[in-house]
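Enquirer: could you work out the structure for the sequence below:
(one chain, ligands or ions: 3)
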Amino acid sequence: MKAVVYKGPREVAVEERPDPEVQAPTDAIVRITTTNICGSDLHMYEGRTSVEPGKILGHENMGIVQEVGAAVDRVRVGDRVSVPFNISCGTCRNCVRGQTSFCLRTNPVPGVDGGAYGYANMGPYDGGQAEYLRVPYADFNLLQLPPGEDHETDFTMLSDIFPTGWHGTELAGMQPGDTVAVFGAGPVGLLAAHSAMLRGAAQVFVVDKEPDRLALADKVGATPVDFSQADPVQQIADATGGTGADCGVEAVGYQAHDPTGQEHPELVLDNLVGAVRSAGGIGVVGVYRPDDPGAATEPAKHGRIGFDYGMFFSKGQHMGTGQCPVKRYNELLRDLIIAGRARPSSLVSHELPLDQAPEGYQHFDQRDDGWTKVLLHPAL
Ligand SMILES: NC(=O)c1ccc[n+]([C@@H]2O[C@H](COP(=O)([O-])OP(=O)(O)OC[C@H]3O[C@@H](n4cnc5c(N)ncnc54)[C@H](O)[C@@H]3O)[C@@H](O)[C@H]2O)c1
Ligand SMILES: [Zn+2]
Ligand SMILES: [Zn+2]
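Expert: Ligands and ions are numbered 1, 2, ... in the order given. Alright, predicted model coming up:
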C-alpha cells in the first residue's frame, strides 16, 4: 500500500509499505477513505518530537472495514467507521472510567499512558495516512457511521479535532450563557468555538493573528481578536466591561509565539489567566511536552514552563489538561452532524490525493493563507 512516512525535519514522503494484517483476534483492518493532517502532526514534522524516521503518520482516520479478527463481533466488514485517535483497550482501570486517552495497556513507553496511531511516544502503531490501517480492539474503538458517502468531510472531524474542541470547553467547565475565550484559530480552536456555540455560549472570542483563520472564526459566529494588533487580554477585558471571559480554551500548545514569531511556551497560559475572570475555568487541549530539545530556554527543554501561577491561584481559577478521550463525545457529535446542527467541515480548505501529502504538510505548516485544514483521500 501507499503510506505517508516521516523522513526527518520538514520532510515526509509517500512510500510503498506492506498492507497491514490482523495480528490479534480483536483487530480490524480499515480501508481509509479520508485521513487528515493535524496541527499535532506538525510538532513531529518540524522535528520537535522524538518520532523515529520511517514512521507512518496519521491519527485522524475514517474508512470502511475491510477485514475483522475472529473475536470481533460488533463491527462488520463493509461498515463505515470513524477511528478515534486514541487506541484503548476498553477494560483497564482508566478505560472503564471513560479515560480512554490514558489507557493503561496500549502504550509500552514507560511512564506514558494512552496509545495513538502514527504518533511520537504513543506506542508502536502505524498511522492512517495510508491506504489501510490496523485498528486494535476494534469492537471497543470503532464508531459506526451511516452507510454511503454523506457528510464525509464532517464525519472525518470525529476522530480528533471536533471531540478535542468540545473537550476544551468541557475541561473549562463551560455552562450555557458563558462568555468563552478561545486562544488559537487553528482547526482545534475553531471547533472549540463551534462547540461553545452549540453548547449555548453567549459570546465566543477567538484569538489568533492569521487573517484567514480569524475570518473563519467570524464565520462560525465568534468574535475574532487579532493579537498582533493589541494585547488580547486587554481586548477581551474591554469587550466584557472589564470582567473578562467566564472561561477559556487553550488551543495553541507549546509552540505559542508572539506577533514576531518568537516562541514563548508560557504566553497563552498567561493570557488565559489574564483573560478569564476570577473563579473561571481554563481547558488546555493545546499540547505541552515533558521534553522539547528544540525549546528556546533550558527549563522549557525539560517541560518546565513558568506561567503566571501566582495570579492563577489568586483568581481561584481551575485548569484541566490532556489528550481528549474521543469516545466520550464522538457519538453525540456524530448525531449532531446527522441532525444538521453541527457543521465541523466548514474549516476544510483542501482535499488532496495521498501523493500530494508532502505539499499539504508544507503549506499547512507555513500557515499559508487559506490552508486551514487538509484532508487526504487515498482513492483520489
Ligand atoms: N489534546 C488533544 O487531544 C489534542 C488533539 C488535537 C490537537 N491538539 C493540539 O491542539 C493544538 C492546536 O491544533 P491545531 O490543529 O489547531 O494546530 P494549528 O497549529 O493549526 O493552530 C494553532 C494556532 O495557534 C495560533 N497561535 C500561535 N501563537 C498564538 C498566540 N500567542 N495566541 C493565539 N494564537 C496563537 C497559530 O497562529 C495557529 O493558527 C496543537 O498543539 C495540537 O497538537 C491536541
Ligand atoms: Zn489530530
Ligand atoms: Zn485501557
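
Enquirer: can we go C-alpha only for contacts and neighbour counts from here?
Expert: Noted.

Enquirer: after the helix or strand bottoming out on mean pLDDT in the chain, which helix or strand is next?
Expert: Least confident helix or strand of the chain, by mean pLDDT, DSSP states H and E, is helix 298-301 with a mean of 94. Next helix or strand after helix 298-301 toward the C-terminus (DSSP states H and E): helix 309-314.

Enquirer: identify each buried residue in that following helix, please.
Expert: Within helix 309-314, the residues that count as buried by 16 or more other CA atoms under 10 Å are Phe312.

Enquirer: state the mean pLDDT of the helix or strand just after that helix.
Expert: Per DSSP H and E, the first helix or strand lying C-terminal to helix 309-314 is strand 318-321. Across strand 318-321, pLDDT averages out at 98.

Enquirer: export strand 318-321 to CSV, keeping only CA atoms.
Expert: Output of strand 318-321 as CSV, limited to C-alpha atoms (Å, rounded to 0.1, in the frame of the first residue of the first chain):
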residue,chain,number,x,y,z
HIS,A,318,-9.1,25.9,37.7
MET,A,319,-7.5,24.2,34.8
GLY,A,320,-8.0,20.9,33.0
THR,A,321,-5.5,19.4,30.6
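
Enquirer: and that strand, which strands flank it?
Expert: For strand 318-321, the paired strands and their directions (DSSP bridges) are strand 276-284 (parallel).

Enquirer: re earlier: got the contact list for the least confident helix or strand of the chain?
Expert: 265, 291-295, 305 (CA atoms under 8 Å, 6 or more residues apart in numbering).

Enquirer: again, only this time at 6 Å
Expert: Applying CA atoms under 6 Å, 6 or more residues apart in numbering, the external contacts of helix 298-301 come out as 291-293, 295.

Enquirer: before we move on, what about stretch 232-244?
Expert: Identification of contacts with stretch 232-244 by CA under 6 Å, 6+ apart yields 271, 274-277.

Enquirer: same thing but at 10 Å, please
Expert: For stretch 232-244, contacts defined as CA atoms under 10 Å, 6 or more residues apart in numbering pick out 179-181, 183, 203, 205-208, 223, 225-227, 229, 245-246, 268, 270-278, 280.

Enquirer: list phi and psi for the residue most central in space within the chain.
Expert: Nearest to the mean C-alpha position of the chain, by CA atoms, centre = their mean, lies Ile161 at 4.1 Å. Main-chain dihedrals, Ile161, degrees, to the nearest 10: phi -70, psi -30.

Enquirer: now swap in the one 10 residues further on and tell me
Expert: With angles defined as degrees, to the nearest 10, Leu171 sits at phi -60, psi -30.

Enquirer: next, the contact list for it, please.
Expert: Leu171 makes contact with 247-249, 281-285, 318-322, 324 under the criterion CA under 10 Å, 6+ apart.

Enquirer: circling back: what are the buried residues along the least confident helix or strand of the chain?
Expert: Residues of helix 298-301 classed as buried by neighbour count (16+ other CA under 10 Å): 300-301.

Enquirer: again with stretch 335-355
Expert: Residues of stretch 335-355 classed as buried: 337-338, 342-348, 351-352, 354-355 (neighbour count, 16+ other CA under 10 Å).

Enquirer: can you narrow these to ones near ligand 1?
Expert: Among the buried residues of stretch 335-355, no residue lies close to ligand 1 (CA under 6 Å from any ligand atom).

Enquirer: list just the nearest of the residues you listed to ligand 1.
Expert: Checking the buried residues of stretch 335-355 against ligand 1 with CA to the nearest ligand atom, the nearest one is Leu347 at 10.7 Å.

Enquirer: got a list of what that closest one touches?
Expert: Leu347 sits next to 153-154, 186-187, 190-191, 213, 216-217, 219-220, 370-374 when contact means CA under 10 Å, 6+ apart.

Enquirer: selecting buried members of the residues you listed in ChimeraX, what would you type?
Expert: Selection of buried members from the contacts of Leu347 for ChimeraX, criterion 16+ other CA under 10 Å:
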select :153,154,186,187,190,191,213,216,217,220,370,371,372,373,374
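
Enquirer: inside strands: which ones of the contacts of Leu347?
Expert: Among those, the members falling in strands (DSSP state E) are Val374.

Enquirer: just to be sure, which of the contacts of Leu347 are found in helices?
Expert: With helices taken from DSSP state H, the overlap with these comprises 153-154, 187, 190-191, 213, 216-217, 219.

Enquirer: hmm, back to that, closest to ligand 1 among the contacts of helix 298-301?
Expert: Comparing the contacts of helix 298-301 against ligand 1 with CA to the nearest ligand atom places Asp292 closest, at 13.1 Å.

Enquirer: helix or strand: which one has the closest one?
Expert: If you go by DSSP H and E, Asp292 is not part of any helix or strand.
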